[in-house]
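Engineer: Generate coordinates for the sequence data below:
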Amino acid sequence: MKTDRAFTRAIPAALVLTGMVLTLLFIVAPLIVIFHSAFSKGLSFYVDSIGDPDTLHAIELTLLTALIAVPVNIAFGIAAAWAITKFSFRGKKLLTSLIELPLSMSPIVAGVSYLFLYGMQGWLGPWLQERDLQVMFALPGIILVTMFVTSPFVARELIPLMQAQGNDQEEAATTLGASGWQMFRRVTLPNIRWALLYGAVLCTARAVGEFGAVSVVSGNVRGETNTLPLHIELVYHDYNVVGAFAAATTLTVIAMLTLVIKTFIELRIRKAGQSTTSL
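Structural biologist: The predicted model follows:
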């Protein structure tokens, strides 16, 4: 019996130790390597690498893409979640499946499909060319594929929550004479705000770090259509390893900030759930 108890107590300790070792190997160690390599030639070289015009343009292009794609996907996620959870209509299951499609499709395949649609040899290519509209290998193509790969994140957070909440509060607001906008702003939005913010954070992180789909449609033009992940690869292939790691620290800081915000939101959601349960 004593041996069994000792063995039972040892299992949690072994699991915790294994988790700590794996975290050190696969998370902490790469972070140390990134920052150590970035500053290996000194602070001045690091500042010069970040201040390089191509690097700054890549950062600006990445942020601009996220600033456009994320609000659009927030609006799409709210609309899709509202339609799926509040109404019954034909094609509801199909819409739910289509929302999940970008998560099951390879980003490379998504980029190629947009290339076949909007490229010069694509279905809409000749029509766009006649009107002198450049979609592929330009900012519009980068934004389009980024919107595609990030489209599920907000909706996936809102749909389960709105299904669990039901329609009682909205129906009560309608009975009291509230308009659609008033019902959304005063009833629905306060109930979903943390899940909405959580989905927006995940959407932003994916938009900033997207590589595969953007690499297909951007053309990889240095200083013009390279987002930050593509620029890092390009600088690394130029044998400027330190410069590549310096640029990578920007993405690393964004990822760490995203993790902090994500953890904070999870705590707030957990507290909100506990307070609701206590009532």
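Engineer: wait, Thr204 sits on Thr65?
Structural biologist: No - under the criterion of CB atoms under 8 Å, Thr204 lies out of contact with Thr65, with a separation of 10.6 Å. For the C-beta atoms, the positions are set from N, CA and C on the backbone; glycine is no exception.
Engineer: Give the residues shared as contacts by the two.
Structural biologist: Counting by CB atoms under 8 Å, 6 or more residues apart in numbering, Thr204 and Thr65 have no common neighbour.
Engineer: And the closest residue to Lys86 other than its chain neighbours, how close does it get to Leu64?
Structural biologist: Counting by CB to CB, 6 or more residues apart in numbering, Asn167 is the residue found nearest to Lys86 once chain neighbours are left out, at 6.2 Å. Distance check for Asn167 against Leu64: by CB to CB, to the nearest Å, it reads 38 Å.
Engineer: Sketch out the low-pLDDT regions of the stretch 1-150 of the chain for me.
Structural biologist: 1-9 (pLDDT under 70).
Engineer: and the longest helix anywhere in the chain, what does it pack onto?
Structural biologist: With secondary structure taken from DSSP state H, the chain has its longest helix at helix 241-278. With contacts taken as 3 or more CB pairs under 8 Å, 6 or more residues apart in numbering; DSSP states H and E, helix 241-278 sits against helix 29-38, helix 43-50, helix 53-86, helix 189-209, helix 228-237.
Engineer: Which elements pack onto the first one?
Structural biologist: So the one you mean is helix 29-38. Against helix 29-38 (3+ CB pairs under 8 Å, 6+ apart) you get helix 241-278.
Engineer: Phe137 contacts Val216, correct?
Structural biologist: No - in this structure, Phe137 is not within contact of Val216 by CB under 8 Å, at 9.9 Å.
Engineer: close enough to count as contact, Thr250 and Leu228?
Structural biologist: Yes - counting by CB under 8 Å, Thr250 does reach Leu228; the two are 6.4 Å apart.
Engineer: The two: who's more crowded?
Structural biologist: Comparing Thr250 with Leu228 by other CB atoms under 10 Å, the one with more neighbours is Leu228, at 23 against 19.
Engineer: What score does that one have for pLDDT?
Structural biologist: Per-residue pLDDT puts Leu228 at 94.
Engineer: which residues does it contact?
Structural biologist: The neighbourhood of Leu228, defined by CB under 8 Å, 6+ apart, consists of Thr55, Ala58, Ile59, Leu61, Thr62, Val208, Ala247, Thr250, Leu251.
Engineer: Please enumerate residues in contact with whatever helix or strand Pro102 lives in?
Structural biologist: Here Pro102, judged by DSSP states H and E, is contained in helix 92-104. Here helix 92-104 makes contact (CB under 8 Å, 6+ apart) with Ala80, Ala83, Ile84, Ala110, Phe148, Val149, Thr150, Ser151, Pro152, Ala155, Arg156, Ile159.
Engineer: mind listing what the closest residue to the first one other than its chain neighbours touches?
Structural biologist: What that stands for is Ala80. Nearest non-adjacent residue to Ala80, counting by CB to CB, 6+ apart: Ala155, 4.6 Å away. By CB under 8 Å, 6+ apart, the contact list for Ala155 reads Phe76, Gly77, Ala80, Ala81, Ile99, Gly199.
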